[in-house]
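S.K.: Fold the following and give me the result.
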Amino acid sequence: MTSAAVTLLGAETKPQNASWRANATEFLLIGGVTLILFPLAWWLRALAGADASELAVGFLTFHAAYLINDPHFSVTYLLFYEGFKQRAFGRAFSAPQRARYLIAGVLVPLVLAGWAISGLATGSAGTLGLLFELMFLLVGWHYTKQGFGVLTVLSARRGVTFGPLERRVILGHCFAGWAYAWANPGSAAKLVEEKGVVYTALAHPRGLELIALAAFALSTLALLGVLVQKWRRERRVPPLAPLGGFLITVWLWTVYSSLDPLMVYVIPALHSLQYLYFVWLLRRNQARALEGPPWFGRPAGVRVGLLAVSALGLGFVLFHGAPELLDAGVKEASLGPTPFFASLFAFVNIHHYFMDHVIWRRENPEMRYLRN
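M.R.: The predicted structure is shown next:
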């Protein structure tokens, strides 16, 4: 989600008589279930012990990825490359948006593919390691920007919008949280393992951690300040569900994601569920609009179902079928047993971040369907 998507919504509001059950379900889907899972994780660890509980949760989330995490990545490809020629070269979009499509759709994957192929061909763990480091750097940006979209888009659907200063402060809190999450904890360069590949991770200086912490603290005060001013000026604050989803995303999923060892396994699935909720909103509303005249298209349930099945299939190919086939032919173990899986995993993650940044913008006409 990007800030630009919010401007599409204007004063459009979600029906005021929406049931509390719908609001509660939405809150759970956009992050609220985290507040339930934390005490459950503590209870499970106390009941079964640290090792047994970690084994159980790790096993569960590994297999749940087939249905949640993997489709969350693959559906981005389906959304992004649908009608790509018209979007990148046609006249429907502005020149800047066409340039974004070309960069994210052509240049970025070519660079990433060349990077990964170079590391694989030369057997260089250092080359692949830098690709992993870029993935870890950008993941916080991706998480917090999605949290920003949760707050601004869902608030606008309820009639609460943010002025330019408020949006800048909220984004500042997102970026400060991203910086602190990446810099924390401070550590020297050390050997780490990622998907079977052992490489030397970059150092995170202690001084950088402290600077990022100070920026995060200041951004928190600024965020609190604009919310107080909004209340004084308008006698209202952001709705509880979007605000809660935003704070959970920034604080519990990004900055303090390692607060509980079991939740480390679960947070990627919760982030994916949050993302898929917005994909569902977008495509459900679009499908409903196409059901009637003048298109008389397929029923909304069929369209959304086909998208879901396609995402499941493509997710399997990207994270299981293709890498397992390629890794089966690996005879040189200098990069570990699964170098192709590691490379594809990093490639898809990073490319997903760039595509997502292009999709959820006001220049994309489909974003109008988030108004409903």
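S.K.: use CA for all of it now, contacts and neighbours both
M.R.: Noted.
S.K.: which stretches of the stretch 151-300 of the chain have low pLDDT?
M.R.: 293-296 (pLDDT under 70).
S.K.: all strands of it, in order?
M.R.: 190-194, 197-201 (DSSP state E, counting those that start in this stretch).
S.K.: quick one, the first one and strand 197-201 angle?
M.R.: With axes from the mean of the first three to the mean of the last three Cα atoms, to 10 degrees defining the directions, strand 190-194 sits at 140 degrees from strand 197-201.
S.K.: Now do strand 190-194: everything it contacts.
M.R.: Residues outside strand 190-194 that contact it (Cα atoms under 8 Å, 6 or more residues apart in numbering): 132, 198-203, 342.
S.K.: That strand pairs with which strands, parallel or anti?
M.R.: strand 197-201 (antiparallel) (DSSP bridges).
S.K.: Run a quick neighbour tally on R100.
M.R.: By other Cα atoms under 10 Å, the residues close to R100 number 19.
S.K.: go on, R233?
M.R.: By other Cα under 10 Å, 10 other residues sit near R233.
S.K.: Distance check, L29 against S334.
M.R.: As judged by Cα to Cα, to the nearest Å, L29 and S334 stand 42 Å apart.
S.K.: Between those two, which has more neighbouring residues?
M.R.: Of the pair L29 and S334, L29 is the one with more neighbours under other Cα under 10 Å, namely 21 against 14.
S.K.: Where do the helices of the stretch 201-350 of the chain begin and end?
M.R.: 206-234, 240-247, 263-291, 300-316, 322-327, 339-359 (DSSP state H, counting those that start in this stretch).
S.K.: got the buried residues for the first one?
M.R.: Residues 208-210, 212-213, 215-217, 219-220, 222-223, 226-227, 230 are the ones in helix 206-234 that count as buried (16 or more other Cα atoms under 10 Å).
S.K.: still on that earlier bit, widest-spaced pair of the contacts of strand 190-194?
M.R.: A203 and A342 (21.2 Å; Cα to Cα).
S.K.: For those two, indicate the residue with more neighbours.
M.R.: A342 (24 against 12).
S.K.: Now for the more buried one: which residues touch it?
M.R.: Here A342 is in contact with 194-197 (Cα under 8 Å, 6+ apart).
S.K.: distance of it from A116?
M.R.: 9 Å.
S.K.: Same check on L165?
M.R.: Noted for L165: a distance of 41 Å to A116, by Cα to Cα.
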